[in-house]
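Visitor: predicted model and sequence below, questions to follow.
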Amino acid sequence: MPHITLSLWPYMELQKTITLCLFSVYLLSVTPLMSYANPAIKAPHTNTTLTQHSIDVQVMQKLLALENQYGGRIGLSLMNTQNNSAIHYRASERFPLASTFKVMAVAAMLKESESQPQLLAKKIAYTEQEVKDSGYAPITSKHLKTGMTIEALCAAALQFSDNAAVNLLMQQLGGPDEVTAFARHIGDTQFNLTRWEPQLNLVYPGETQDTTTPNAMSLSLQKLVLGDILQKPQRDKLKNWLINNTTGDTKIRAMVPSTWIIGDKTGSGRFGATNDIAVLWPPKYNPFILSVYYVQQDIDAKNNNKIIREVTRSLLDIININEENSK
């Protein structure tokens, strides 16, 4: 199968135009490129006229157009747990983790609690300086006098993306390296957390610290939320915290039908890093795992939630998963 490197970043505008023109011609003759010959994504009443090739081409064309419009790189991994098929786009390229790492940190703590039944009830005291240094602490800032239990810190980290909460959890675990060690334990060789909040949110182009790949994150999310890495009580807590996340209403959640259940974790950082990872439960159907990462060229670029919505909408439109087709 021919291989194409789809990186438009950091080439100049002229190179982008040439690349797009050449690629448009090349698409007429190549075999499916994006999903590495995986079976076509299938969903309830999916439009069966869409072959894997046509899905691949449509998704690739749409994401290339979005990259050309907004600049930067989009990384995508959509997994169908019904048949283990997938759609990938830059899925093996590295992107800044930003706050999506909090899923792994909380899962590591939940794993510890399996052998320490009282761990989640342990009360953690912390200082006002720790809260200030974290950069974002909407929940921990309200409990300076009383402290918080580890379970409450887990909820704050996932549902409100509280930086101080996840830093306190990592202190208990032994630091960011221990979160990466947990990722290795579950088979994730790409997750690479090295720093604390908020320093981890500045990742320069080419750096590997505090990065992951969309494919690796989708696989890990599947194992943690749907697999048996965690025992059922711990797994249910993780799932419920993700479902009750409050930070994702302008990202993937905004484009998913209201009858679907969604659990997600967002992230944002410098260079306009904008991320969302999610488990999607359509009615009466096996879940999908969707990881979308986006990063730009300028260190001061603004975060772009709109591109996450557009990627999600394009995916749902192309593979024809919508309310009308699920009736």
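Guide: Received, thanks.
Visitor: name the helices or strands packed onto the strand or helix carrying I74?
Guide: Per DSSP states H and E: I74 is located in strand 73-80. The contact analysis (3 or more Cβ pairs under 8 Å, 6 or more residues apart in numbering; DSSP states H and E) places strand 73-80 against helix 52-70, strand 85-89, helix 214-226, strand 288-295, helix 305-318. Where you see a C-beta, it was placed from the backbone N, CA and C, and this is true even at glycine.
Visitor: tell me the most buried of these?
Guide: Counting by mean count of other Cβ atoms under 10 Å, strand 288-295 has the highest mean neighbour count of those, with a mean of 27.
Visitor: end to end on stretch 244-256, go ahead and measure it.
Guide: Across stretch 244-256, the straight-line distance between its terminal residues is 15 Å, by Cα to Cα, to the nearest Å.
Visitor: return the set of buried residues in it.
Guide: Under the neighbour-count criterion of 16 or more other Cβ atoms under 10 Å, stretch 244-256 has 245, 247-248, 251-253, 255-256 buried.
Visitor: nearest to N304, of these?
Guide: Within those, the smallest distance to N304 is 10.2 Å, found for K251 (Cβ to Cβ).
Visitor: for the closest one, give me phi and psi.
Guide: Per-residue torsions, K251: phi -120, psi -120 (degrees, to the nearest 10).
Visitor: give the contact list for it.
Guide: Neighbour list for K251: 264, 266, 274, 276, 292, 305, 308-309, 312 [criterion: Cβ atoms under 8 Å, 6 or more residues apart in numbering].
Visitor: surely Q172 touches M148?
Guide: No. Under the criterion of Cβ atoms under 8 Å, Q172 lies out of contact with M148, with a separation of 11.9 Å.
Visitor: overlap of the contact sets of those two?
Guide: Contact criterion Cβ under 8 Å, 6+ apart; residues shared by Q172 and M148: I124.
Visitor: if we can go back for a sec, now the contacts of K251 in CSV, with distance to R184 and pLDDT?
Guide: CSV is the format used below for the contacts of K251 (distance: Cβ to Cβ, whole Å; pLDDT from 0 to 100):
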residue, distance to R184, pLDDT
D264, 24, 98
T266, 24, 98
T274, 27, 98
D276, 24, 98
V292, 24, 98
N305, 31, 98
I308, 28, 98
R309, 33, 98
T312, 30, 96
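Visitor: ok, those vs S218, which is closest?
Guide: The shortest gap between S218 and any of the contacts of K251 belongs to V292, at 9.9 Å (Cβ to Cβ).
Visitor: bridging residues for that closest one?
Guide: V292 has the following beta-bridge partners by DSSP bridges: L76, D276.
Visitor: return the distance of it relative to G174.
Guide: If you measure V292 against G174 using Cβ to Cβ, to the nearest Å, the figure is 30 Å.
Visitor: burial measure for I261, as a count.
Guide: 13 (other Cβ atoms under 10 Å).
Visitor: who are the contact partners of it?
Guide: I261 sits next to 243, 280-281 when contact means Cβ under 8 Å, 6+ apart.
Visitor: go through those residues and flag which are in strands.
Guide: Taking DSSP state E, the ones among these that sit in strands are 280-281.
Visitor: for the contacts of I261, which single residue is the most surrounded?
Guide: Of these, L280 is surrounded by the most neighbours, 23 neighbours in total, counting by other Cβ under 10 Å.
Visitor: residues contacting that one?
Guide: With contact set as Cβ under 8 Å, 6+ apart, L280 has these partners: 252, 256, 260-262, 287-290.
Visitor: excluding residues flanking it in the chain, which one is nearest it?
Guide: Leaving aside its chain neighbours, L280 sits nearest to F288 (4.4 Å; criterion: Cβ to Cβ, 6 or more residues apart in numbering).
Visitor: I'd say that neighbour and N83 touch.
Guide: No. F288 lies out of contact with N83 (Cβ under 8 Å); the separation is 11.3 Å.
Visitor: show me the strands in the stretch 51-200 of the chain, by range?
Guide: Counting by DSSP state E, counting those that start in this stretch, the stretch 51-200 of the chain has these strands, from start to end: 73-80, 85-89, 95-96, 123-124, 148-149.
Visitor: let me have these in CSV, extended by mean pLDDT and distance to T180.
Guide: What follows is those, written out as CSV (pLDDT from 0 to 100; distance: least, Cβ to Cβ, whole Å):
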stretch, mean pLDDT, distance to T180
strand 73-80, 96, 19
strand 85-89, 92, 23
strand 95-96, 98, 15
strand 123-124, 98, 22
strand 148-149, 98, 24
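Visitor: any idea which of these is most buried?
Guide: Each of the strands of the stretch 51-200 of the chain was scored by mean neighbour count; the highest is strand 95-96, a mean of 28, by mean count of other Cβ under 10 Å.
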